[in-house]
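**Student:** Everything below, folded, please.
(2 chains)
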2 protein chains.
Amino acid sequence: MTSKAFQDYYTDEFASCFGCGRLNKHSLQIKSYWDGEESVCHFQPKHYHTGGFPGYVYGGLIASLIDCHAAGTASAIKYRDRKKDTDNNAPLRFVTASLHVDYLAPTPIDSTLELRGKVKEIKGRKVIVGITLSAKGKVCAKGELVAVQMPEDFS
Amino acid sequence: MTSKAFQDYYTDEFASCFGCGRLNKHSLQIKSYWDGEESVCHFQPKHYHTGGFPGYVYGGLIASLIDCHAAGTASAIKYRDRKKDTDNNAPLRFVTASLHVDYLAPTPIDSTLELRGKVKEIKGRKVIVGITLSAKGKVCAKGELVAVQMPEDFS
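**Tutor:** Presented below is the predicted three-dimensional model:
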C-alpha cells in the first residue's frame, strides 16, 4: 500500500470536500490508497454515525464513503496512466455523474469499514468504479460510481 | 404543508440517525413534509458542506438528503394508507435497500435546496420513491430509493 493518499494529491483549492478534504475540519477525512490493482479505504465510524437503527451505520455515510473513495480511484487511475506517457503532473479533477448503492446487510458501527475499489471501465473522460464495503469480514454494501474528468482548463 | 415532520413521528429509539435524527446533535436534521401528493424537504447547506469544487454542494450530502427524505416518504405513505383501514398507530420502520443518484448539474451551496418526493411504486413491503433536488429553481440531481419495511416485531 502506498503511503500518500489519493486525496493528498488534490491541490489546496480542491481540498475542502466535506467527505475527504484535508483542509475542511468538518470533513470525514476519507483516505484512499492503492493496494495492487485495487484501491482501498479504511474508515472508523464515530458513535454518532448511526442510521435509523441503533448500532448500525447510516446509509448516507456509506454513500459518502463510496463517493469519495470511487472518485479518488478514478482520479488516481487516470493520473497513473498519464504518468506512463508524459511528465504532466497537473492534478486531475473529477465530478460524480452518478452513484448507485445496494445495501446488502446492516453495517455494524463498532467496526472498521473497508472499502475496495476496482476500475471497471475507462472511456475517454469517463471512469466507472465498482466498490465493495465490508465490516467484520462481511460485504455489507456494493456501489458503482460514474466519474467524469473535468477539462484541465475548467475553472 | 403539514406542521409535523415525518421524522418527528419516529420513536425515540429510532431518532438518532446521522441524517434526520432529532436526538442526534451531530445530525443534519433533515425534515420532510407532505405537500399534496408530493413530499417536500428544504435544506440549507452549511459553508462546510462543499464538495470537491468550491462553491458547490458535496455529492455525499445530496445522497444523504435523498436517503432520509425518500425513506421518510416511504414510511409516511404506508402510515397514511394504514390509517384508512385501522387504528394501528405503531411506527413503521424502513431500511434502504438501494439508492441511485444522477448528478445533473453542480448544486450551488449558497441556496436553499428543495427536495420533492413522489411514490412510484408500492409492492408489499417495498416502496420505491423518486426524488428531484433543486436549487435556485433548477433541478440539480435526481434520485430513486428502494425502501423495505421491517417487520413490526423486528428488534
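
**Student:** pLDDT value on A:Ser155, please?
**Tutor:** Looking at A:Ser155, its pLDDT reads 53.

**Student:** Could you do A:Tyr48 as well?
**Tutor:** Per-residue confidence at A:Tyr48 stands at 97 (pLDDT).

**Student:** repeat for A:Ala70
**Tutor:** If you check A:Ala70, the pLDDT there is 98.

**Student:** my read: it touches A:Lys120, true?
**Tutor:** No: look at A:Ala70 against A:Lys120 with Cβ atoms under 8 Å: they stay out of range, at 10.2 Å. No exception for glycine: its C-beta is placed from N, CA and C like everyone else's.

**Student:** Compare those two (neighbour count), which wins?
**Tutor:** When A:Ala70 is set against A:Lys120 and neighbours are counted by other Cβ atoms under 10 Å in any protein chain shown, the residue ahead is A:Ala70, at 30 against 12.

**Student:** elements contacting the helix or strand hosting A:Ala141?
**Tutor:** Secondary-structure element containing A:Ala141, defined by DSSP states H and E: strand A:138-149. Counting contacts by 3 or more Cβ pairs under 8 Å, 6 or more residues apart in numbering or on different chains; DSSP states H and E, the secondary-structure elements packed against strand A:138-149 are helix A:59-85, strand A:94-103, strand A:126-135.

**Student:** let's see it at 10 Å
**Tutor:** If you count contacts as 3 or more Cβ pairs under 10 Å, 6 or more residues apart in numbering or on different chains; DSSP states H and E, strand A:138-149 packs onto helix A:59-85, strand A:94-103, strand A:113-123, strand A:126-135, strand B:94-103.

**Student:** Grab the CA positions of the third one and hand them over as CSV.
**Tutor:** Think strand A:113-123. Included here for strand A:113-123 are C-alpha records, laid out as CSV according to Å, rounded to 0.1, in the frame of the first residue of the first chain:
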residue,chain,number,x,y,z
LEU,A,113,-15.1,-0.4,7.5
GLU,A,114,-13.1,-1.5,4.5
LEU,A,115,-13.9,-0.2,1.0
ARG,A,116,-12.3,-1.8,-2.0
GLY,A,117,-12.5,-0.2,-5.5
LYS,A,118,-12.0,-1.7,-8.9
VAL,A,119,-11.9,0.3,-12.1
LYS,A,120,-14.5,-1.3,-14.3
GLU,A,121,-14.3,0.9,-17.4
ILE,A,122,-12.3,3.9,-18.8
LYS,A,123,-13.8,5.5,-21.8
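
**Student:** For it, buried residues please.
**Tutor:** Within strand A:113-123, the residues that count as buried by 16 or more other Cβ atoms under 10 Å in any protein chain shown are A:Leu113, A:Glu114, A:Leu115, A:Arg116, A:Gly117, A:Val119.

**Student:** Not counting sequence-adjacent ones, nearest residue to the second one?
**Tutor:** If the residues on either side of it in the chain are set aside, A:Glu114 comes closest to A:Ser134, at 4.9 Å by Cβ to Cβ, 6 or more residues apart in numbering or on different chains.

**Student:** Tell me what the one you found is bridged to.
**Tutor:** Bridge pairing for A:Ser134 (DSSP bridges) gives the partners A:Glu114, A:Val139.

**Student:** Show the secondary-structure elements that the helix or strand bottoming out on mean pLDDT in chain A is packed against.
**Tutor:** Ranking every helix and strand in chain A by mean pLDDT, DSSP states H and E puts helix A:59-85 at the bottom, with a mean of 93. When contacts are defined as 3+ Cβ pairs under 10 Å, 6+ apart, helix A:59-85 sits against strand A:33-35, strand A:38-43, strand A:94-103, strand A:113-123, strand A:126-135, strand A:138-149, helix B:59-85, strand B:94-103.

**Student:** what pLDDT does the residue lying closest to A:Ala141 once chain neighbours are set aside get?
**Tutor:** Of all residues beyond its chain neighbours, the one nearest A:Ala141 is A:Leu133 (4.2 Å), with distances taken as Cβ to Cβ, 6+ apart. Turning to A:Leu133, the model gives it a pLDDT of 98.

**Student:** Good, wrapping up.
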